[in-house]
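[1] sequence plus predicted model, see below.
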Amino acid sequence: MSWAYIAKLVVIGDSGCGKSSLTIRLCEGRFSPHHDVTIGVEFGSRIVPVGPPNTQPPKPKPSVSRDPSLANISEGLPEPRRAEPEVEQKHMKLSLWDTAGQETYKSVTRSYFRGASGALLCFDLSRRNTFHALEGWLNDLRQIAEPDIVVVLVGNKSDLTAGDENKREITKEEAEDWAKKNGVLEYVETSAKSGEGVEMAFGRVAERIYQNIEAGKYDLNDRRSGVKGPGAVANRGNVKLGAPAKNNWGGGCC
């Protein structure tokens, strides 16, 4: 699948939040209950649709009169509206950098924040200590990454917050308040296990980056920018590693 832009995204947060599982779920559409601790950084990519018509709300259906006496009346009515030309869907290739959350590797993973245009800031909904660590991760990110980096707060492992064994330790309202207070784009709850909310989280980051591109906030020819245009890489194909996710986005991990 061809793409119009490529953007660098980092997935950050404390160890054990499910960052690698989120990346694997997006790229390969699968979940592994056992995953080795990330050492340094792991990589993946996914092509996603951005901009219209993907983001256009559905048009309301015209109201139809049920009065039979008006069935044949046509005089004085405006001419039928001509169909608008179709808008070609644009796609963005997300270059995903899954970073280690352990303190031991922080000095290494911080260096990968440079040039990132988007980030998923993750915590575990069942462990409050990972929520308390968010401020430190966000401060490090904003000191090193691009000034206009797009950040989405992600509360992962929502599958542990349902049923009789509800392990939720952070409420949705609390997380939303934190995001608003710290200037984060929005808050999304996800489950790498079930796939719930995963595409939404990455999609929100991609869509805002696209909006920033349209607003001229990036120099697509600047090597330091976290976004590149179609001329940045000669080969615009997408090599698949593993099974692609079954959804509307298409593409696989490469």
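    Everything's here; your move.

[2] next one: stretch 202-209 to chain centre, how far?
    The chain centroid and the centroid of stretch 202-209 are separated by 5 Å under C-alpha atoms, centre = their mean, to the nearest Å.

[3] contact partners of it?
    Defining contact as C-beta atoms under 8 Å, 6 or more residues apart in numbering, one finds that stretch 202-209 is touched by 5, 7, 9, 26, 46, 48, 50-51, 55, 92, 94, 117-120, 150-152, 185-186, 188, 227, 249. C-betas here are computed from N, CA, C, even on glycine.

[4] return the subset of the residues you listed lying in strands.
    Secondary structure defined by DSSP state E assigns 5, 7, 9, 46, 48, 50, 92, 94, 118-120, 150-152, 186, 188, 227 of these to strands.

[5] so how do I select the buried members of the residues you listed in ChimeraX?
    Of those, the buried ones go into a single ChimeraX selection, burial set by 16 or more other C-beta atoms under 10 Å:
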select :5,7,9,46,48,50,92,94,118,119,120,150,151,152,186,188,227
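
[6] name the nearest residue to residue 125, ignoring sequence neighbours.
    Distances taken as C-beta to C-beta, 6 or more residues apart in numbering place residue 155 nearest to residue 125, at 4.7 Å, with adjacent residues excluded.

[7] and the one you found, what does it touch?
    Per C-beta under 8 Å, 6+ apart, neighbours of residue 155: 122-125, 170, 172, 175, 187-190.

[8] can you say which of these are buried?
    Among the contacts of residue 155, the ones that count as buried by 16+ other C-beta under 10 Å are 122-125, 170, 175, 187-190.

[9] strands paired with the helix or strand encompassing the residue nearest to residue 125, and their directions?
    Assigned by DSSP states H and E, residue 155 belongs to strand 150-156. Strand 150-156 sits in its sheet next to strand 118-124 (parallel), strand 186-189 (parallel), going by DSSP bridges.

[10] I'd say residue 182 and residue 135 touch.
    Yes - counting by C-beta atoms under 8 Å, residue 182 touches residue 135, with 7.3 Å between them.

[11] with neighbour numbers in mind, choose between those two.
    residue 182 (15 against 12; other C-beta atoms under 10 Å).

[12] number of nearby residues for the closest residue to the more buried one other than its chain neighbours?
    Leaving aside its sequence neighbours, residue 182 sits nearest to residue 138 (C-beta to C-beta, 6+ apart; 6.1 Å). The burial count assigned to residue 138 is 20, neighbours taken as other C-beta under 10 Å.

[13] angle of the helix or strand residue 138 falls within against strand 150-156?
    Assessed by DSSP H and E, residue 138 sits inside helix 134-144. On the basis of axes from the mean of the first three to the mean of the last three C-alpha atoms, to 10 degrees, helix 134-144 is oriented at 150 degrees to strand 150-156.

[14] go ahead and measure how far helix 134-144 is from the middle of the chain.
    For helix 134-144, the distance to the chain centre is 19 Å (C-alpha atoms, centre = their mean).

[15] buried set for it?
    Judged by neighbour count using 16+ other C-beta under 10 Å, the buried positions of helix 134-144 are 134, 137-138, 141-142, 144.

[16] and residue 86, what is it in contact with?
    Contacts of residue 86 were listed using C-beta under 8 Å, 6+ apart, and they are residue 53.

[17] looking at it now. What's its pLDDT?
    For residue 86, the pLDDT comes out at 78.
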